[in-house]
Structure formats: structure tokens, C-alpha cells
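S.K.: mind folding the following:
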Amino acid sequence: AAGRASLGVVAAIAAMLAGINDRPGSRRTSVRRIGVPALAGALGLLVGTYAGQHLGAVVLTLVLTGLGLVAGCVSAVGPVASGAGTQLLVTAAVGAGMPLPDPGWRSVLAFLAGAGWLLLLRLVLPTPTSVTGDLRLDFRFDGERAAVADVYEAVAALLDAVGTEHAVARRAALTAALDHAQDALAGPR
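M.R.: Numbers count the residues shown, from 1 in each chain. Model prediction:
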């Protein structure tokens, strides 16, 4: 890819857009949160590139309007779909408005490589969660262990409260801890 600055720009745009979709949570969840919008972005780039090269201004406007309607409908499904719908529309507009010397399929591969690179880094590297007083980063793995430990503590607290007036509150605390652990391990439902 040496000498192909245009492909580097597309890969950088993809990594930037993938970074926007990176949210706190488990690594397994990040595959969906980053990957689904990246695939939608690649599709948008492909449609936008070919539409921008082969269609007139009026038809291109209608295509982008149709994609906007599709993106809006998709975005209503949930947070991951919202990111996918947004990236579909944004990358279609970028593809249509930024003519590149490379074929559309090559730009799409560069886009997927850029988003894939960020996803790979997200999966492999530990997440810094805090900076201590001596400026060393404290690396944790997204709080999965702490969430599971909180479940065990809530179970112990519930067992201590059996037969007391605190049992109902402790049962609610256990439910909340279980929900939090499930979100930390598998992502929001």
C-alpha cells in the first residue's frame, strides 16, 4: 500500500469511525459494537463511491435520501443499529463526495482494514481504567472480575439477611448485581 495515500485516508477514517463506536464493556461486546457499524460503513462507502461515479446529481440525491431513510429506520432498533445506520449514511456521503483514484472495492477493503485494526487493538490490549497518584496506569479487563465478585458479595449479603427485614432489599441488590455482571460479561441486553 506504499504510495497509496488515498487508501490510508480511507483506513484512517474507518478507524476513527470505529473508535466512535467503542464503548465500555466486554471485549466480546465490542466486536458487535464496532464490527456491525464498520460493515454498514463499508456498504455505505461502496454504494456512495459507485453512485458518485456513475449517477447524475438528481439521482445521486435521491439515492442518498433513500439511504437516509433506511439509516433512520435502522437506527431506531437500538444503540448498535444506530451506529450502523449513522455510518451507512456518513460513509455513503463520503464515498459520493470524495472521489478516489482507487476502485470502490479496494476502498472498501481499506475501510474494513482500518476498522479491523482498531477492533484488533481493542481485543488485544488491556483497558486503562485509572491513573494513580504516581501516574502509572492501572490496567484492568473492563470490570468483568469486579462484577462477578459483586455477585458473590450480594449472595453472601442475602444469605446473611435471610429471615430479617433486610432480605427483600438484599434480594433486589443481588438482582442488580446479576444484571450488572451480565452486562459486563456479554454486553447490554
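
S.K.: tell me the secondary structure at the residue lying farthest from the centre of the chain.
M.R.: Most distant from the centre of the chain: G163, at 44.9 Å, with distances by CA atoms, centre = their mean. The three-state assignment at G163 reads coil, by DSSP: H, G, I helix; E, B strand; the rest coil.

S.K.: so how far is V124 from S82?
M.R.: Per CB to CB, to the nearest Å, S82 is found 27 Å from V124. From N, CA and C alone the C-beta is placed, and that goes for glycine too.

S.K.: mind checking which of the two has more residues around it?
M.R.: Residue environment comparison for S82 versus V124 gives the larger neighbour count to S82, 17 against 8, counting by other CB atoms under 10 Å.

S.K.: ok, the more buried one - contacts?
M.R.: S82 sits next to 74-76 when contact means CB atoms under 8 Å, 6 or more residues apart in numbering.

S.K.: kindly report the same for V31.
M.R.: When contacts are counted by CB under 8 Å, 6+ apart, V31 touches 119, 123.

S.K.: how does this structure divide up, domain by domain?
M.R.: In the assignment given by automatic domain parsing, the structural domains of the chain cover 5-125, 130-186.

S.K.: with that, I have no additional questions.
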